[in-house]
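S.K.: Structure here, sequence nowhere to be found:
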C-alpha cells in the first residue's frame, strides 16, 4: 500500500523522533549587508501569478488502488483554481486526453512526463531577476530517493526549456515545499528537510544557507527544527507555518486536548523561534495559531492523513483551503483567510485522497509569478 507523503507532512499523524524541539539554537541567521540579495527576489505567493502549474498523478506503482480517487481530487482542485486563473497541468502524453476530460475546459493540459502530482516540489522555484522570471532547479531527488522519480527528477529542467525560462543551477537538493517567504527577503525552512544526508550529504547548514541566499536572493534565513524520518519530506515547512502578510505568519496547532506528540512539539519549537525572530526588514514577526480539526470529525482517514490548514494555496484571485469535515474548524479557517485576504474568494476544497497520501493543496500547486505583479 502506498504512502506517498510527498510535499507536506509535518502533520501526518503518528509518534516518534524529531530533531530536538527543545533546543532552538541559533535559528535566525543575521541579514547580510545591503545587496546580499544579489539582484534576485523570491516573491511571496500572494503576488500576482501568470499561471498555476499542477501535475497529473501517473503511476500505479506509487498510488495503487488509490489512484482513481487521487485523480478525482486533482481534477476538482485544478478546475476550482482554473475558474479564477490560468492552470497548466502536466501529464504524461498517453494520459493527456484522460486528464483533460477529467479537469474540464478551464484547465490546459500539456504533455510532459511526470510520475506524481506534487508540483510544488518538482516544478522549479521561480525568482525575479533583471525584470525577468527565472527558475531555480533544486535537483529533485524523490525526497532523498524515497520514491520513484525518473520523470519527476527532470520536470524542472524540461519545463523551463519548454517555456523558454532561464534555468538557475544550485548544488543544493531541496523541494519547493521546503521554503516559505514573505517576498521581502525572509526565508523560513525546516532544518530536517534540507540539512539532511538524504539530500545534501556532507553539506553544513551554513554552506546550504549560503547557497540558498545565492539562488533565491534572500537576506534573512530562519531555521526551524522540523522532524526527521516521520514522513517522506522530513517535515516540509508548508504544513507547519505560512506567511499571510509581511511580518505575519499562521502556525499550525494541534487540536485542543490532543496528547502531545512529535508534531505538536515541532509546532511548539517553531512558535518559540518565530515569536522572537525578526524578518529581513528587522521587524518582529507576529504569530497567529490555527488549530487543526477534530480528528473524530474529519472525513478522511489513514496513518499519513494531513489535517493541517497550513497547506493552502494563494491564487491571484482566490485562496484554496482544505475542507476536512469538522464544520466548526473549517469555518474558523475560512474566516481567518477572509480576514487576511478580503479581496480574494476563499474556496474550500475537499481533498481526502490527497491528504490521505500525506499531502495537501499547496503540495499539488506551484505558482509562476508575473513580473512586477
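M.R.: Everything's here; your move. Computed from a predicted structure; not experimentally measured.
S.K.: Can you check the pLDDT for residue 265?
M.R.: On pLDDT, residue 265 comes in at 94.
S.K.: for the host helix or strand of it, the distance to its chain's centre please.
M.R.: Assessed by DSSP states H and E, residue 265 sits inside helix 262-274. Here the centre of helix 262-274 is set off from its chain's centre by 18 Å, with CA atoms, centre = their mean, to the nearest Å.
S.K.: list the helices and strands that helix packs on?
M.R.: Helices and strands in packing contact with helix 262-274 are listed as strand 220-224, strand 248-253, strand 286-291; criterion 3 or more CB pairs under 8 Å, 6 or more residues apart in numbering; DSSP states H and E. Heads up, the C-betas are built off the backbone N, CA and C, glycines and all.
S.K.: TSV for the ones you listed, including distance to residue 70, mean neighbour count and mean pLDDT?
M.R.: Converted to TSV, these look like this (distance: least, CB to CB, whole Å; neighbours: other CB atoms under 10 Å; pLDDT from 0 to 100):
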stretch	distance to residue 70	mean neighbour count	mean pLDDT
strand 220-224	29	25	98
strand 248-253	23	21	98
strand 286-291	25	15	97
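S.K.: Turn these into a markdown table, including distance to residue 40.
M.R.: Shown next, in a markdown table, are the helices and strands packed on helix 262-274 (distance: least, CB to CB, whole Å):
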| stretch | distance to residue 40 |
| --- | --- |
| strand 220-224 | 14 |
| strand 248-253 | 23 |
| strand 286-291 | 27 |
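S.K.: Residue 269 is nearest to which of those?
M.R.: Nearest to residue 269, of all the helices and strands packed on helix 262-274, is strand 220-224, at 6.8 Å by CB to CB.
S.K.: Quick check: residue 235 is in a strand.
M.R.: No. Checked against DSSP: H, G, I helix; E, B strand; the rest coil, residue 235 lies outside a strand; its state is coil.
S.K.: what's around it, how many residues?
M.R.: Neighbourhood size, residue 235 [other CB atoms under 10 Å]: 30.
S.K.: now the spatially most central residue of the chain, nearest residue through space, not along the chain?
M.R.: Taking CA atoms, centre = their mean, the centroid of the chain lies closest to residue 177, which sits 3.2 Å from it. In space, residue 177 comes closest to residue 236 once its chain neighbours are excluded; the distance is 3.8 Å by CB to CB, 6 or more residues apart in numbering.
S.K.: distance of that neighbour from residue 371?
M.R.: Distance, residue 236 to residue 371, using CB to CB, to the nearest Å: 27 Å.
S.K.: higher neighbour count, the two?
M.R.: Using other CB under 10 Å as the criterion, residue 236 and residue 371 rank with residue 236 on top: 37 against 14.
S.K.: Give me the pLDDT value at that one.
M.R.: 97.
S.K.: wouldn't it be in contact with residue 175 here?
M.R.: Yes. Counting by CB atoms under 8 Å, residue 236 touches residue 175, with 6.9 Å between them.
S.K.: picking up where we left off before, mind checking the SS state of the residue nearest to the centre of the chain?
M.R.: Assigned with three-state DSSP, residue 177 falls in the helix class.
S.K.: Which parts of the stretch 51-200 of the chain are helices?
M.R.: Using DSSP state H, counting those that start in this stretch, the helices of the stretch 51-200 of the chain run over 60-63, 67-82, 96-103, 119-122, 142-145, 155-163.
S.K.: Lowest average pLDDT across these?
M.R.: helix 60-63 (a mean of 90).
S.K.: So which bits of that helix are buried?
M.R.: Going by neighbour count (16 or more other CB atoms under 10 Å), the buried part of helix 60-63 is 62, 63.
S.K.: Run through who's touching that helix.
M.R.: For helix 60-63, the external contacting residues (CB atoms under 8 Å, 6 or more residues apart in numbering) are 2, 4, 57, 67, 70, 115, 116, 147, 148, 357.
S.K.: Stretch 111-118 too?
M.R.: Against stretch 111-118 from outside (CB under 8 Å, 6+ apart): 4, 6-7, 54-59, 62-63, 70, 74, 90-93, 96, 122, 147-152, 154-155, 158-159, 162, 175, 177, 354, 359, 363-364.
S.K.: Any idea how far that stretch is from the middle of the chain?
M.R.: Relative to the centre of its chain, stretch 111-118 is centred 17 Å away, using CA atoms, centre = their mean.
S.K.: cool, stretch 333-342 as well?
M.R.: 19 Å.
S.K.: Now it: buried residues?
M.R.: Neighbour-count burial for stretch 333-342, counted by 16+ other CB under 10 Å, picks out 333, 334, 336, 337, 340, 341.
S.K.: Now do the same contact list for residue 99.
M.R.: Residue 99 is in contact with 56, 71, 75, 89, 91, 109, counting by CB under 8 Å, 6+ apart.
S.K.: residues contacting the third one?
M.R.: Going back to what we said before, that points to residue 75. By CB under 8 Å, 6+ apart, the residues touching residue 75 are 99, 102, 103, 104.
S.K.: so residue 248 sits right up against residue 284, yeah?
M.R.: No. Shown here, residue 248 and residue 284 do not form a contact pair, counting by CB under 8 Å, at 10.6 Å.
S.K.: so which of the helices and strands packed on helix 262-274 comes closest to residue 242?
M.R.: strand 248-253 (5.2 Å).
S.K.: tell me what that closest one is packed against?
M.R.: Applying 3+ CB pairs under 8 Å, 6+ apart, we find strand 248-253 packed against strand 241-245, helix 262-274, strand 286-291.
S.K.: and the direction of it versus that of strand 286-291, what angle?
M.R.: Counting by axes from the mean of the first three to the mean of the last three CA atoms, to 10 degrees, strand 248-253 lies at 30 degrees to strand 286-291.
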